[in-house]
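Colleague: when you get a sec, could you give me coordinates for this:
(chains A, B and C)
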Amino acid sequence: MSIRRFSIVALAVALLAAPLGGPTVAAAAPFRIAIVMPSATTDMAFSQSMFSALKAVQKEMGGETALQIAYSEGMFKVPDAAAAIRDYASQGFNMVIAHGSQYGSSVEEIAKDFPKTIFAWGTDVNTFGLPNVYAYTAAAEQGGYVNGVLAAKLTKSKVIGVTGPVEIGDAKTYISGFAQGVASVDPGIRVSKTWTGSFSNVALMAEAAKTHIAAGADVLTGSSQAVVGSIGAAKEKGKVLWFGTQYDQSSLAPELVVASQQYDWTGVLKEMIKNSKAGKLGGEKYVAQLTNGGLKIVYNPGFALPKDARAAGDKAIKGIQSGAIKITP
Amino acid sequence: MPEQMTIFSLPVVTGILASAVRLATPYLFAAVGEAIGQSSGVLNLGVDGIMLLGAYAAFFVALTTGSLWLGVLAAMLVGLLMGLLMSLISVTLKAEQGISGIGLYMVGLGVSSLLFKVTIGTVKTVVGFKPLKIPLLSDIPVLGEILFQHSLPVYAAFLTVPLAWWFLDRTSWGLKIKAVGHNPTAADSLGVSVDRVRYASVCLGAVLSGLAGASLSLALVNLFQENLTAGMGFIAVALVYFGGWRPVGIMGGALLFSAVNAFQLWMQVLNVKIPSDLAVMLPYVLTIAALALAPSLARQPTALNKPFERGEH
Amino acid sequence: MPPHGTAGTVRPARRVTFDWRDVGFRAVLPALAMVAALLIGAVLLLLLKADPVSAYAAMIQGVFGSVSGFTQSLVKATPLLLVGLGICIAFRASVINIGGEGQIIAGALMATWFSLAFRGWPGWLLLPATMVAGFLAGALWGLIPGLLKVRLNVNEILSTVMMNAIGIQLMNFLLRGPLIDPAGVRAGTFLPQSERLPEHVWLPRLVPQTLLHAGTIIAVLLAAAVYVFLWRTTIGYRIRAVGLNREASRYAGINVPVYQALSLTLAGGFAGLAGVVEVIGVQHRLLEGVTSGYGFSGIVAALFGGLHPLGVVPASWLFGSLLVGADKMQRAVQVPSALIDTVLGLVVMFVVGSALLTRRWAARRAIVAAKGEDR
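Modeller: Model (predicted):
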């Protein structure tokens, strides 16, 4: 029955569509980038960091006529993401960004079928030995370290709380760096962690933050899109400071956010676009770091950071940049 | 001082229980509402969708008008509309309730995310309902902190429990709802309009689900995000069965579930050596275990999930 | 749950006949309902300043316009069909199984562990053994709520919802520890995914450069098997009898609890098998999010198919096509993917809402037909 049901719709739509023709194709030939990402473009975290970078590069290059962007968000399901990646590639996009570590196997498989398309994927460092795959990642432990130093300088209760969904990827490395940063200032400070097991359960994340606060924490940090719940909790309790990662989270609680480690992919993107115009379609890995501008520590201008803390933060940044400070991810 | 905290020390136990009361709020609103709808014989699996749309509406209105109360009103209105839609499909058109509920969930999930993208677009926060210390009561040691230092929606959620009990067990409306849920044919022959009672029950339940959403976005987390509820509505439906359709039982279930959740968070904070993935599993395991071991007094509405058609039986 | 829909399901005593004219007739109203839902979707598209005509054209083209699109719709339909078959069995016994998600995970976890642990076995042995193991794991995930229901009176809606959450957390735990890809640990990425499964346990791909795998054929064959099981065997008859009238079945000497638990166990097994084919047919390793919501959408597919195993075949393909077409539409006109959920939700509600009118219409037709034929 369903076959017939569907064919009626198919027929109706086909008839409607026929006189108008298919989707229109732009006349000029802009550089076309498609991006597939697991969460929303507006998550104030991982996905938005890349999407904002794309928009920034687009603006710099001269808008839609120079750089065309297509996106698919909310692609938590890997097979759907794989279908999207394949489809964008077959539509002739110059570059397809698979913005999620979990898409790796799919990229490896699809990239072989579209040797003229650039595939960029992250966060990882593996290009599978393919000439048309770029890999990008962020050394999240570096900004974590700086945030940790700042946090250690600011905590009075000597208890710092960390919230996150699950202990993986850059959440893991960020927090590892953070703990090392804290310990470098005062090994006596306790860093306690909670993992809620869900990327989307904001309410539980908020409660985790409240639990940290009840246990005496006066500084909080965390990663992933669900941390906004924690920020809300910090805000409600007041006087609890927040350190962000992945994206500049100052706007969420201007009075509480001290600093954020921001992923800035614009450099990576421009590099890849430049390379592709020179005919190099991949085979390289990029690691966003404090040294190459891929990572930035964004101090919240609205927060009155004590001078000595700021100095310690800047010193940590310099130390990492010069290689004097070594951090294990 | 934090060094001496253990999971059994007084501040921790107090903290766990206070968290439990707070976390139970959205579950209470939604599950009590669902229990009313189910008592009339309609299984509504779309609770999560109604909560999402309610949470969005409350947040958007509060953000734009600056009035929390207008936000609450908006959530109730959205709940009512979703309830009407559910009733239309499940009661008037006598559709399979399980499937129409899943459809309703998808609509709520989709529309709330879509509207959020179009109207707000990024993460914003509001100043939600502030904790309201109840004079005198909140000064009671331990108990005061656990029970009487919460925000208004938390108190309201617990107030729905006696109200719903009174409504279902002590008013003629409640009796009608139960009659329709247990034996629609008999109720019909006594001149009770089965459809009308089911409409009213489903809509009342949906309004409470809308409030559940508002309690999230305006009191517990003070923001809206796509899929904010993360499946809470489905847990709420499960809690109705836990509570055996009785508001007090539902409260017990919601508190148990939330307390175990708070407990596992504290275990992690206090660095008890247990993998977090397994700790997170605890509330679900214990809820099943509690129901399995407790003597069951459940009286499922006989006509639950059965569309009523006059003269069919 | 009283079944209505395809022919002959209301009275089990009568032999089920499959009258294609009748089936076609019954599709008219649901089709109209679907068009109505899509029209509302068109209004939403206009509000989002997207062109609904090219959007829907892209949707059709996404499924029928290319080999990859069409095969993708079949790839999506496969787990939906398997979950749906289990739902048919459970719902026929009046047992509501919302635990598909957890059962899929159980099957996927078992398939992953089993094929890695016994990778030394030859393919002809490993492949079927993996499928059986995954089926059994899913069945166990269904047996637990089944036993809880019949022994301890725990409602299956509650327990299956909770078992879903437990399954997800169990997978999270295993994928971050015992089952994690050693390569990811060496590289320091700690990606929560399993090692790639040995190649000889992969289901053969049917069309090169697509994901279409032999699991689709297996699923269709199983649909026929479930049909035979439910309508041609004593056990199947008893399962249906329990669902139709519990009291009467008890008087007839049927051990009602046993058949309820059995139906939930089988439902779990089929969902588990869906998890198996996703792992050994599509992804070749276990990734988070392996369920893709099939545990829920499988219920929709089953009910669209009138809770009839053979009806679920086209219904799951329809639903799979909708999912694939909708994703394509999102890419073609660049609307937020939330629109897709909205439109699909409306389709579900409208189609299920049209069932009553179809039934009434069918009843009237049956009366007319009976007068004419006098069978």
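Colleague: okay, CA-based contacts and neighbour counts for the rest of this
Modeller: Noted.
Colleague: all the helices of the stretch 101-250 of chain A, residue numbers only.
Modeller: Using DSSP state H, counting those that start in this stretch, the helices of the stretch 101-250 of chain A run over A:104-113, A:140-154, A:169-185, A:202-214, A:228-237.
Colleague: pick the most buried one from those helices.
Modeller: Of all the helices of the stretch 101-250 of chain A, helix A:140-154 has the most neighbours on average by mean count of other Cα atoms under 10 Å in any protein chain shown, namely a mean of 29.
Colleague: does that helix reach chain C?
Modeller: No: Helix A:140-154 lies out of reach of chain C by Cα under 8 Å from any Cα of the partner chain, never closer than 11.8 Å.
Colleague: just checking, what packs against that helix?
Modeller: helix A:169-185, strand A:241-246, strand A:257-263, strand A:295-299, helix A:307-322 (3 or more Cα pairs under 8 Å, 6 or more residues apart in numbering or on different chains; DSSP states H and E).
Colleague: make JSON lines out of those and add distance to chain B and mean pLDDT.
Modeller: Output for the helices and strands packed on helix A:140-154, formatted as JSON lines (distance: least, Cα to the nearest Cα, whole Å; pLDDT from 0 to 100):
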{"stretch": "helix A:169-185", "distance to chain B": "14", "mean pLDDT": "90"}
{"stretch": "strand A:241-246", "distance to chain B": "14", "mean pLDDT": "89"}
{"stretch": "strand A:257-263", "distance to chain B": "14", "mean pLDDT": "92"}
{"stretch": "strand A:295-299", "distance to chain B": "18", "mean pLDDT": "94"}
{"stretch": "helix A:307-322", "distance to chain B": "24", "mean pLDDT": "94"}
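Colleague: can you tell which of those is closest to chain C?
Modeller: Proximity to chain C (Cα to the nearest Cα) singles out helix A:169-185 among the helices and strands packed on helix A:140-154, at 5.7 Å.
Colleague: what are the contacting residues of that closest one?
Modeller: Contact with helix A:169-185 is made by A:138-153, A:162, A:164, A:189, A:191, A:222-224, A:327-329, C:189-191, as judged by Cα atoms under 8 Å, 6 or more residues apart in numbering or on different chains.
Colleague: that older thread, in terms of mean pLDDT, which of the helices of the stretch 101-250 of chain A ranks lowest?
Modeller: With a mean of 73, helix A:228-237 has the lowest mean pLDDT of the helices of the stretch 101-250 of chain A.
Colleague: give me the nearest residue to the spatially most central residue of chain A, chain neighbours excluded.
Modeller: A centroid search over chain A (Cα atoms, centre = their mean) returns residue A:46, at 2.3 Å, as the residue closest to the centre. Distances taken as Cα to Cα, 6 or more residues apart in numbering or on different chains put residue A:246 closest to residue A:46, at 5.8 Å, once the chain neighbours are dropped.
Colleague: report pLDDT for residue C:374.
Modeller: Confidence at residue C:374, expressed as pLDDT, is 53.
Colleague: close to chain B: what parts of chain A are there?
Modeller: So far as Cα under 8 Å from any Cα goes, chain A lies against chain B at A:42-44, A:161, A:192-197, A:200-203, A:206-208, A:211-212, A:214-216, A:228-229, A:232-233, A:236, A:252.
Colleague: tell me, which of these make contact with chain C?
Modeller: Okay, of the residues of chain A next to chain B touching chain C (Cα under 8 Å from any Cα), that's residue A:197.
Colleague: near chain A, which residues of the stretch 151-300 of chain B show up?
Modeller: Within the stretch 151-300 of chain B, the positions near chain A by Cα under 8 Å from any Cα are B:216, B:220-223, B:227-230, B:262, B:265-266, B:268-271, B:276-277, B:280.
Colleague: make a ChimeraX selection of the buried ones in those residues.
Modeller: Only the buried entries of those go into this ChimeraX selection, using 16 or more other Cα atoms under 10 Å in any protein chain shown:
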select /B:216,220,221,222,223,227,228,229,230,262,265,266,268,269,270,276,277,280
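Colleague: helices - which of the residues of the stretch 151-300 of chain B next to chain A land there?
Modeller: B:262, B:265-266, B:268-269, B:276-277, B:280 (DSSP state H).
Colleague: just give the nearest non-adjacent residue to whichever residue of the stretch 151-300 of chain C sits closest to chain B, would you?
Modeller: Taking Cα to the nearest Cα, chain B has its nearest neighbour within the stretch 151-300 of chain C at residue C:158, 4.1 Å off. Counting by Cα to Cα, 6+ apart, residue C:158 lies nearest to residue B:238, which is 4.1 Å off, once chain neighbours are set aside.
Colleague: ok, the one you found touching residue C:163?
Modeller: No: contact between residue B:238 and residue C:163 fails when scored by Cα atoms under 8 Å: they sit 11.2 Å apart.
Colleague: which residue ranges of the stretch 51-200 of chain A form strands?
Modeller: Along the stretch 51-200 of chain A, the segments classed as strands by DSSP state E, counting those that start in this stretch run A:67-72, A:95-99, A:118-122, A:133-138, A:159-164, A:190-195.
Colleague: please produce JSON lines containing those, extended by mean neighbour count and mean pLDDT.
Modeller: Formatted as JSON lines, those follow (neighbours: other Cα atoms under 10 Å in any protein chain shown; pLDDT from 0 to 100):
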{"stretch": "strand A:67-72", "mean neighbour count": "20", "mean pLDDT": "92"}
{"stretch": "strand A:95-99", "mean neighbour count": "26", "mean pLDDT": "95"}
{"stretch": "strand A:118-122", "mean neighbour count": "27", "mean pLDDT": "92"}
{"stretch": "strand A:133-138", "mean neighbour count": "25", "mean pLDDT": "93"}
{"stretch": "strand A:159-164", "mean neighbour count": "26", "mean pLDDT": "90"}
{"stretch": "strand A:190-195", "mean neighbour count": "23", "mean pLDDT": "90"}
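Colleague: assign residue C:73 to helix, strand or coil.
Modeller: Taking DSSP: H, G, I helix; E, B strand; the rest coil as the rule, one finds residue C:73 in the helix state.
Colleague: got a list of what it touches?
Modeller: Contacts of residue C:73 (Cα under 8 Å, 6+ apart): C:63, C:317, C:320-321, C:323-324.
Colleague: closest one of these to residue A:80?
Modeller: Ranked by distance to residue A:80 (Cα to Cα), these are led by residue C:324 at 8.2 Å.
Colleague: which residue, other than its chain neighbours, is closest to residue C:116?
Modeller: In space, residue C:116 is closest to residue C:197, 6.3 Å off (Cα to Cα, 6+ apart).
Colleague: ok, the one you found - how many residues close by?
Modeller: Applying other Cα atoms under 10 Å in any protein chain shown, we find 21 other residues in the vicinity of residue C:197.
Colleague: doesn't residue A:144 make contact with residue A:329?
Modeller: No: judged on Cα under 8 Å, residue A:329 makes no contact with residue A:144 at a distance of 9.7 Å.
Colleague: what's the burial count for the residue nearest to residue A:44 when sequence neighbours are not counted?
Modeller: Nearest residue to residue A:44, sequence neighbours excluded (Cα to Cα, 6+ apart): residue A:247, at 5.9 Å. Burial of residue A:247 is recorded as 26 neighbouring residues (other Cα under 10 Å).
Colleague: contacting residues for residue A:247?
Modeller: A:44-46, A:48-49, A:260-263.
Colleague: same thing with residue A:130?
Modeller: A:111-112, A:282-283.
Colleague: now the strands for chain C?
Modeller: Counting by DSSP state E, chain C forms no strands at all.
Colleague: are the longest helix along chain B and chain C in contact anywhere?
Modeller: Longest helix of chain B, by residue count under DSSP H: helix B:10-39. No: using Cα under 8 Å from any Cα, we find that helix B:10-39 stays clear of chain C, coming within 12.2 Å at best.
Colleague: and that helix, average pLDDT?
Modeller: Model confidence over helix B:10-39 averages 94 on the pLDDT scale.
Colleague: all good on my end, thank you.
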